[in-house]
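J.: predicted model and sequence below, questions to follow.
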Amino acid sequence: MEAALYGPRGFYLRPEGPAGHFRTSVHASPLFADAVARLLCRVDDALDHPDELAFVDLGAGRGELTAGVLAALPPDVAARARACAVERAGRPEGLDPRIEWLDRAPAGVTGLLFANEWLDNVPLDIAEVAPDGVVRHVLVRDDGTESLGAPVAGQDAEWLARWWPPAPEPGLRAEIGRSRDEAWEGAAATLTRGLAVAVDYAHDRAGRPPFGTLTGFRAGRETAPVPDGTCDITAHVALDACALPGAALLTQRAALRALGVSGGRPPLSLASSDPAAYVRALTRAGEAAELTAAGGLGDFGWLIQPRGIPDPLGT
């Protein structure tokens, strides 16, 4: 998974970027970047307006969210903002020169670290209950052919016992999220003070999917997760396992509504008094409805991790 996504011919280094293969909340509507900008302003208030306010976009794709947040900030906040897009691919042409392009999150910053659909691409191992009842690692070849390997042991076995204990039925699977826990702990630790947020497809211990969630995406379609570098390889995130002390978990629907994103239709009276404004408001309402829809983007999990400040969302 590591080589297929981030190796020399890895999927995330392809020139078209993630937007060439799938659509995230960032691509669905500029309302998402607007909401993240409002969250950054709340963090700024909680930090008492520091001289430098960091916005770190972890897993930045081609910088779409970073650019959108910068554009949406009030001038006084934008003047103090340090915008950092963190991505393993090279810097795209035409990106706002104010944006720093980094291959890892900068340490010792104060502000907001935002990881939108990053953890689901942190590589992990898969476990499966073998016919003999032993939980074993799943091995995979470049062509996607799978086989069962050695029994899961050590820290991986401890993680499964705590967070995803497989039922004793051959064929059931679990995704060992220890690597994601460690990745999130390291990312949050780069903040001296502020807020770290992870947004992703998620599940909790009470509702782990019995056959796992590992899948692939290519050119807008779900496909087999063949680790040859031609497709995205992703698995949903056990956000409850990633959460550090003091964290809160909520849905994207709840988070965006707390940040002022509502799918309510504009009043019909506006259609007669200002038809153009009505059309614009109707468009925004449709985009907001998509971002907060049950059964869709609204079901994404938000992991809210304050560091030295109160929770700006009040969760």
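T.: Ah, there it is.
J.: what about the helices in the stretch 101-250 of the chain?
T.: Residue ranges of the helices in the stretch 101-250 of the chain, as given by DSSP state H, counting those that start in this stretch, are 154-163, 178-188, 239-242.
J.: nearest to residue 255, of those helices?
T.: helix 239-242 (12.6 Å; C-beta to C-beta). From N, CA and C alone the C-beta is placed, and that goes for glycine too.
J.: could you give the mean pLDDT of the closest one?
T.: For helix 239-242, mean pLDDT rounds to 98.
J.: packing partners of it?
T.: Helix 239-242 is packed against helix 154-163, helix 178-188, strand 191-200, strand 301-307, with contacts defined by 3 or more C-beta pairs under 8 Å, 6 or more residues apart in numbering; DSSP states H and E.
J.: how much space separates the residue nearest to residue 44 when sequence neighbours are not counted from residue 109?
T.: In space, residue 44 comes closest to residue 53 once its chain neighbours are excluded; the distance is 5.3 Å by C-beta to C-beta, 6 or more residues apart in numbering. Distance, residue 53 to residue 109, using C-beta to C-beta, to the nearest Å: 9 Å.
J.: what residues are shared contacts of these two?
T.: Residues touching both residue 53 and residue 109 (C-beta atoms under 8 Å, 6 or more residues apart in numbering) are residue 82.
J.: can you give me the end-to-end span of stretch 89-96?
T.: From the first residue to the last, stretch 89-96 extends over 16 Å; the measure is C-alpha to C-alpha, to the nearest Å.
J.: next, the buried residues of the strand or helix carrying residue 42.
T.: Using DSSP states H and E, residue 42 falls within helix 30-46. Buried residues in helix 30-46, counted by 16 or more other C-beta atoms under 10 Å: 31-44, 46.
J.: now it against strand 301-307, angle please.
T.: In terms of direction (axes from the mean of the first three to the mean of the last three C-alpha atoms, to 10 degrees), helix 30-46 departs from strand 301-307 by 20 degrees.
J.: now for the residue lying closest to residue 204 once chain neighbours are set aside, how many residues are close by?
T.: Once flanking residues are discounted, residue 204 sits nearest to residue 240: 4.6 Å by C-beta to C-beta, 6+ apart. Residue 240 has 17 neighbours, counted by other C-beta atoms under 10 Å.
J.: that older thread, which elements pack onto the helix holding residue 42?
T.: In terms of contacts (3+ C-beta pairs under 8 Å, 6+ apart), helix 30-46 is packed against helix 25-28, strand 53-58, helix 64-72, helix 75-78, strand 109-116, strand 191-200, helix 275-291.
J.: could I get these in a markdown table, plus columns for distance to residue 150, mean neighbour count and mean pLDDT?
T.: Rendered in a markdown table, the data for these read as follows (distance: least, C-beta to C-beta, whole Å; neighbours: other C-beta atoms under 10 Å; pLDDT from 0 to 100):
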| stretch | distance to residue 150 | mean neighbour count | mean pLDDT |
| --- | --- | --- | --- |
| helix 25-28 | 39 | 19 | 84 |
| strand 53-58 | 33 | 26 | 98 |
| helix 64-72 | 40 | 22 | 97 |
| helix 75-78 | 52 | 13 | 97 |
| strand 109-116 | 32 | 24 | 98 |
| strand 191-200 | 29 | 24 | 98 |
| helix 275-291 | 43 | 15 | 73 |
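J.: tell me which of these lies nearest to residue 148.
T.: Closest to residue 148 of those, according to C-beta to C-beta: strand 191-200, at 27.8 Å.
J.: just checking, residue 229 touches residue 12?
T.: No: Residue 229 is beyond contact range of residue 12, at 9.4 Å (criterion: C-beta atoms under 8 Å).
J.: identify the bridge partners of residue 301.
T.: In this entry, residue 301 is beta-bridged to residue 200, residue 251, by DSSP bridges.
J.: OK, contacts around it?
T.: Contacts of residue 301 by C-beta under 8 Å, 6+ apart are 198-202, 237, 239, 249-252.
J.: looking at those, which is nearest residue 188?
T.: Among those, residue 198 lies closest to residue 188 (C-beta to C-beta), at 8.8 Å.
J.: that closest one contacts residue 303, doesn't it?
T.: Yes: contact criterion C-beta under 8 Å: residue 198 and residue 303 qualify, at 4.2 Å.
J.: shared neighbours of the two, anything?
T.: Taking C-beta under 8 Å, 6+ apart as the criterion, residue 198 and residue 303 both touch 184, 239, 242.
J.: distance of the last one relative to residue 120?
T.: Plainly put, residue 242 is 11 Å away from residue 120 if you go by C-beta to C-beta.
J.: for these two, indicate the residue with more neighbours.
T.: residue 242 (27 against 21).
J.: how many residues are close by residue 314?
T.: Counted with other C-beta under 10 Å, residue 314 comes out at 9.
J.: check contacts around residue 224.
T.: Listed by C-beta under 8 Å, 6+ apart, the contact partners of residue 224 are 144, 215-216.
J.: could the residues you listed go into TSV alongside pLDDT?
T.: Listed next are the contacts of residue 224 as TSV, based on pLDDT from 0 to 100:
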residue	pLDDT
144	93
215	96
216	94
